[in-house]
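Engineer: have a look; sequence and predicted model below, questions after that.
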Amino acid sequence: MHTHTLEAIPKSRAFRIEVCESLSRSPLFKDWSWEELDTLSSHMAGYRAKAGDLLFEEGDDGDAMGLLLSGQIEVRKQDAAGVAQFVTHIVAGRTFGEMAAIDGEKRSASCSATEACVLALLPKAQFERILMVNEALGIKLLLRVTRLLSQRLRRVNGALVDFLSKDAA
């Protein structure tokens, strides 16, 4: 994550409450207790990004997952010719970079802010700390992220089959 180019938000109770409220509206965390959300938020760091700021680039080390509190992020992936192709927009309340929190592999795509954004980042080391210190919450988080990634993979598989069937026709 290119946090050195972003404006860090000081840790405060008010920011943790903002993160908890956003987490509670996120499909990934909608049925978590306030205590669970607060514990998770205590491991997150806040940042502000300006429109055009690069959050991470395809091929960067995967070091954190994030929650978009406000603003919008664009995801792009390079094609075989090295041209960045649009993948999706991420809107407030959605998570991004989840694969990095699990496997720590290189980033599979690039993300940049398309407008001013506020982000809450969960570094991979903090994700792992939750798994060690609060096993029940860590397992719950890991299951949710795994299910989200599985849902995305199923959508991509469906899109791939549709694409291949059009190509064969």
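Structural biologist: Great, that's in hand. In this text the structure is predicted, and so the values were computed from the model without any measurement. Numbers count the residues shown, from 1 in each chain.
Engineer: quick one: the helices in this structure?
Structural biologist: Taking DSSP state H, the helices of the chain run over residues 13-25, 34-41, 98-103, 124-133, 135-168.
Engineer: any idea how far Ser150 is from the nearest residue to Leu28 once chain neighbours are set aside?
Structural biologist: Residue nearest to Leu28 in three dimensions, not counting chain neighbours: Arg144, with 5.2 Å by Cβ to Cβ, 6 or more residues apart in numbering. Any C-beta I mention is one placed from the backbone N, CA and C, and that applies to glycine too. Distance, Arg144 to Ser150, using Cβ to Cβ, to the nearest Å: 11 Å.
Engineer: and the two? which has more neighbours close in?
Structural biologist: Arg144 (18 against 10; other Cβ atoms under 10 Å).
Engineer: which one of the helices of the chain lies nearest to Ala92?
Structural biologist: helix 13-25 (7.2 Å; Cβ to Cβ).
Engineer: any idea which residue is closest to the centre of the chain?
Structural biologist: Closest to where the C-alpha atoms of the chain average out (Cα atoms, centre = their mean) is Phe96, at 1.9 Å.
Engineer: how close does it sit to Ser108?
Structural biologist: Distance, Phe96 to Ser108, by Cβ to Cβ: 11 Å.
Engineer: got it, and Asp61?
Structural biologist: Plainly put, Asp61 is 12 Å away from Ser108 if you go by Cβ to Cβ.
Engineer: circling back to that earlier point, identify the residues contacting the residue nearest to the centre of the chain.
Structural biologist: Neighbour list for Phe96: 65-66, 68, 73, 75, 90, 111 [criterion: Cβ atoms under 8 Å, 6 or more residues apart in numbering].
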